[in-house]
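[1] The sequence isn't on hand, but the structure is:
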């Protein structure tokens, strides 16, 4: 048992992986905001953040003891490097900027600092933000730039009680896009009947992974691969027949 209420433990100990896995992140309750603001004023060089637009205040804790604070807000309106990397136009930025969040404060509390704690807190937070707002993105393979985004459900929720998952959001995204001459790739989650119908209907082709958890489909795929190459058409016969001469 780790005596986490001992301040000397937090300041000196190299934490075990098991201890770091016990860290949890949650959204602050309204009555806790004053305490968090006081800690940021006292320990963060920027102090308490000024609320701008929609925001999310989180605490990382270990068995109820506060360890770190994170404050998320809307993204900066214009950032040249960000715009160049994403590759979107001014119109696209205006439409999609609300889908990007910015970490405006991150503070590991002075009485609970120890090696690897900050990186673990950020990793926890990234997972929690995805639980808050689930997005499915259709991106360009070469540049990584998002071409279309579906927001599954803007209401806060957890993974256990989510109203819409990645697969259903992806189906909706495919129905809303024109995919003429496009090849859409995805992991095994998306290898299912509805996507196989929606994507060609939108003008595109698809290439999805297939795993052993779909035994009927993978058995059919193996039979097909055994008789014809999956990616390249069989070479035409080089014999001196009329058909080969005409390229048929």
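    That came in fine, so what should we check first? Keep in mind that this is a model prediction, so the values were computed, not measured.

[2] Give the rounded mean pLDDT of stretch 53-69.
    For stretch 53-69, the mean pLDDT works out to 87.

[3] Stretch 94-105 too?
    On average, stretch 94-105 scores 83.

[4] residues making contact with that stretch?
    Identification of contacts with stretch 94-105 by Cβ atoms under 8 Å, 6 or more residues apart in numbering yields 40, 44, 46, 49, 55-56, 69-77, 88, 125, 129, 135, 146, 149, 151. The way it works is simple: take the backbone N, C-alpha and C, and place the C-beta from them, glycine included.

[5] try stretch 176-192
    Counting by Cβ under 8 Å, 6+ apart, 138, 141, 147-148, 150, 166-167, 170, 174, 195, 199, 202-211, 213-214, 217 sit against stretch 176-192.

[6] residue contacts, residue 74?
    Per Cβ under 8 Å, 6+ apart, neighbours of residue 74: 52, 53, 54, 55, 97, 98, 100, 101, 102.

[7] Just the buried positions in the longest strand belonging to the chain, please.
    Identified as the longest strand of the chain according to DSSP state E is strand 65-74. Going by neighbour count (16 or more other Cβ atoms under 10 Å), the buried part of strand 65-74 is 66, 67, 68, 69, 70, 71, 72, 73.

[8] where do the strands sit along this protein?
    Assigned by DSSP E, the chain shows strands spanning 24-27, 56-62, 65-74, 101-108, 134-139, 146-153, 183-186, 205-208.

[9] Just to check, residue 36 is in contact with residue 61?
    No - taking Cβ atoms under 8 Å as the definition, residue 36 is not a contact partner of residue 61, at 11.9 Å.

[10] mind listing the helices for this structure?
    7-12, 17-20, 33-43, 80-86, 90-96, 117-132, 166-176, 193-201, 215-227, 242-245 (DSSP state H).

[11] how does the protein divide into domains?
    Split into domains by automatic domain parsing, the chain comes to 1-132, 143-229.

[12] hang on, the earlier thing: Serialize the contacts of residue 74 to JSON lines and add fields for distance to residue 223 and neighbour count.
    Compiled in JSON lines, the contacts of residue 74 are given as follows (distance: Cβ to Cβ, whole Å; neighbours: other Cβ atoms under 10 Å):
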{"residue": "52", "distance to residue 223": "59", "neighbour count": "10"}
{"residue": "53", "distance to residue 223": "55", "neighbour count": "8"}
{"residue": "54", "distance to residue 223": "52", "neighbour count": "11"}
{"residue": "55", "distance to residue 223": "55", "neighbour count": "14"}
{"residue": "97", "distance to residue 223": "49", "neighbour count": "15"}
{"residue": "98", "distance to residue 223": "48", "neighbour count": "13"}
{"residue": "100", "distance to residue 223": "45", "neighbour count": "14"}
{"residue": "101", "distance to residue 223": "47", "neighbour count": "16"}
{"residue": "102", "distance to residue 223": "51", "neighbour count": "12"}
